[in-house]
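**Q** what's the 3D shape of this:
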Amino acid sequence: MRLAIVLAALPVALILHSEADSIAPLVIVAALTVVTALMPGSAGAALLIGYAALAMAFGEGHPLRLGVLLMIPALHLIHTTSALAAVVPVKTKIELAALKAPARRFAIVQMITFGVAGFAAFIPSGAEIGLVELLGLGALTALIGVVALRI
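**A** Residues are numbered from 1 along each chain as shown. Model (predicted):
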């Protein structure tokens, strides 16, 4: 599972490095990946996910650019693998059947996330965003959350 954390962090590092002018994001992601892989139950995963999300949010470009859309499943995979690695002993052999439920939840969350992102792509950007559009997005998100809890 710890190798899966490192493999999931690879696209995060590549995306952040490709959008940055310096090597600093690559070094930060590498350090946080090492912490997360060595201590998956620590705050390392949260720091890694938070750093990458903030770097993408404050980066230049459209909010729904390809890097952001690729970052979403990569960060979720880091979250999922570090959560599993925190509770599964290091030398345990994991059967594929045991990963069925986490994989199903992962897929459901990704479908919901990309559904909301698709909806958000149609919302006008800029100062003319109306309250109705924002309330509609919030209501859609709440509705999707309620439906997802019943799945």
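**Q** pull the residues that contact stretch 79-92.
**A** 1-2, 4-5, 8, 36-37, 40-41, 44-45, 49, 94, 102, 106 (Cβ atoms under 8 Å, 6 or more residues apart in numbering). (C-beta placed from N, C-alpha, C; glycine too.)
**Q** list only those of these flagged as buried.
**A** If you count burial by 16 or more other Cβ atoms under 10 Å, the buried members of the contacts of stretch 79-92 come out as Met1, Arg2, Ala4, Ile5, Ala8, Thr36, Ala37, Pro40, Gly44, Ala45, Ile49, Phe106.
**Q** for Val147, see how far away the last one is.
**A** Yep, that's Phe106 we're talking about. 17 Å (Cβ to Cβ, to the nearest Å).
**Q** what of Ala121?
**A** Ala121 is 21 Å from Val147, by Cβ to Cβ.
**Q** please apply the same query to Ile49.
**A** Counting by Cβ to Cβ, the gap from Ile49 to Val147 is 25 Å.
**Q** in the protein, what spans have low per-residue confidence?
**A** 124-130, 132, 151 (pLDDT under 70).
**Q** let's see it at 80
**A** For the chain, the stretches with pLDDT under 80 are 63, 116, 119-137, 145, 147-151.
**Q** helices of that one, start to end?
**A** Ranges of helices within the chain are 2-19, 24-38, 44-57, 66-87, 100-121, 131-150, based on DSSP state H.
**Q** contacting residues around Arg2?
**A** Remark: with contacts taken as Cβ under 8 Å, 6+ apart, Arg2 is in contact with Ala37, Leu38, Pro40, Ala85, Val90.
**Q** as a markdown table, these with distance to Leu77 would be great.
**A** Listed next are the contacts of Arg2 as a markdown table, based on distance: Cβ to Cβ, whole Å:
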| residue | distance to Leu77 |
| --- | --- |
| Ala37 | 13 |
| Leu38 | 18 |
| Pro40 | 13 |
| Ala85 | 12 |
| Val90 | 19 |
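**Q** out of those residues, which comes closest to Ala20?
**A** Nearest to Ala20 among the contacts of Arg2 is Ala37, at 22.2 Å by Cβ to Cβ.
**Q** how about the residue nearest in space to the middle of the chain: what's its closest non-neighbour residue?
**A** The residue lying closest to the centre of the chain (Cα atoms, centre = their mean) is Leu75, at 2.8 Å. The shortest distance from Leu75 to any non-neighbouring residue, by Cβ to Cβ, 6 or more residues apart in numbering, is to Ile49 (4.9 Å).
**Q** noted, bye for now.
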